[in-house]
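In: sequence plus predicted model, see below.
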Amino acid sequence: MTPEQVAAASKPVALDLGDVFSRCPTTLRRARLLGISGWAFYISGRAGALGDVRAETAAAALGFIAPDAVADGWDAAARVVRPAEVAAASLAECCRWGAQRLGALPGVERLAGLVERAVAAADSSGMPLFAAWRAMPLPDVSPGARSAAGLRLLREHFTGAYLLAVRAAGMTPLEAVLAGPEGEAGAVACGWPPPYPPVGPLVRRRLWAEAVTDRLAAPAFAALGPADGIELVELLHQTRADLIHR
């Protein structure tokens, strides 16, 4: 497999596994303990790695979430707790979930090592959230925790690459969401209010942006080489299958 093929095969699994922890009931309970809503925890938990920035800056970095929806979550959290503290709590929950759910899976040590090598080799240019998260120290260095944190970083890398590709394709983030598999439901979930532009003319541009995303992410996987790249893809898919059947 070429690095672009490894990126394309890894992307859907990394996007999925890199966010599973955020839907865990224990993670949501952490939000309540901080005195904020689940939405505020999600927004500030992701963008909080940037520090005490304005809501507009957080929205620009997140990209695909409507600015008003970002501001609602960001400002609500900021009234109670500093963004960096929410980000640290989010990372702790990610590592906790990984230690509990991934720690006992076969190949987790190898998965952690391969993901970390790809993350370390990734180019963070134009990807402030990915760069900010990569700089955060892990509170837990067990294999499961490292795997979960690494998958979260891969998710931010792919998302950042896709945002760059979408803008290069001449699309807005909203148009990219509408042209995606979830369509208007995805737009609603990301806080974009109707009315929405027609989707038909956007599909070809979105497919081009998906291909560019793979090219932008490819250098991270080139560092693994063909054999380890194939092994990473296999481990990612096996991990997702093991989680489904546990």
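Out: Arrived safely, thanks for sending. Residues are numbered from 1 along each chain as shown.
In: dump the residue contacts of residue 206.
Out: Residues in contact with residue 206 (C-beta atoms under 8 Å, 6 or more residues apart in numbering) are 166, 169, 171, 176, 179-180. Any C-beta I mention is one placed from the backbone N, CA and C, and that applies to glycine too.
In: give me the phi and psi angles of it.
Out: Dihedral pair for residue 206: phi -60, psi -40, per degrees, to the nearest 10.
In: ok, residue 175 to residue 36 distance?
Out: 31 Å (C-beta to C-beta, to the nearest Å).
In: which one of the two has more residues nearby?
Out: Between residue 175 and residue 36, counted using other C-beta atoms under 10 Å, the more crowded position is residue 36 (24 against 21).
In: so that one sits against residue 78, correct?
Out: No. Using C-beta atoms under 8 Å, residue 36 is not in contact with residue 78; the gap is 9.4 Å.
In: got any residues that touch both of the two?
Out: When C-beta under 8 Å, 6+ apart defines a contact, the residues bordering residue 36 and residue 78 alike are residue 44.
In: pLDDT weak spots in this protein?
Out: 246 (pLDDT under 70).
In: hey, which helix is longest across it?
Out: Longest helix in the chain by number of residues (criterion: DSSP state H): helix 143-168.
In: which strands or helices does it pack on?
Out: For helix 143-168, the packing partners by 3 or more C-beta pairs under 8 Å, 6 or more residues apart in numbering; DSSP states H and E come out as helix 3-17, helix 83-97, helix 108-121, helix 128-134, helix 173-179, helix 203-222.
In: what angle do the third one and helix 3-17 make?
Out: So the one you mean is helix 108-121. When axes from the mean of the first three to the mean of the last three C-alpha atoms, to 10 degrees is applied, the directions of helix 108-121 and helix 3-17 differ by 120 degrees.
In: list the helices and strands helix 108-121 packs on?
Out: Applying 3+ C-beta pairs under 8 Å, 6+ apart, we find helix 108-121 packed against helix 143-168, helix 203-222, helix 225-244.
In: of those helices, flag the one that's most buried.
Out: Across these, averaging neighbours per residue (mean count of other C-beta atoms under 10 Å) puts helix 143-168 on top, at a mean of 24.
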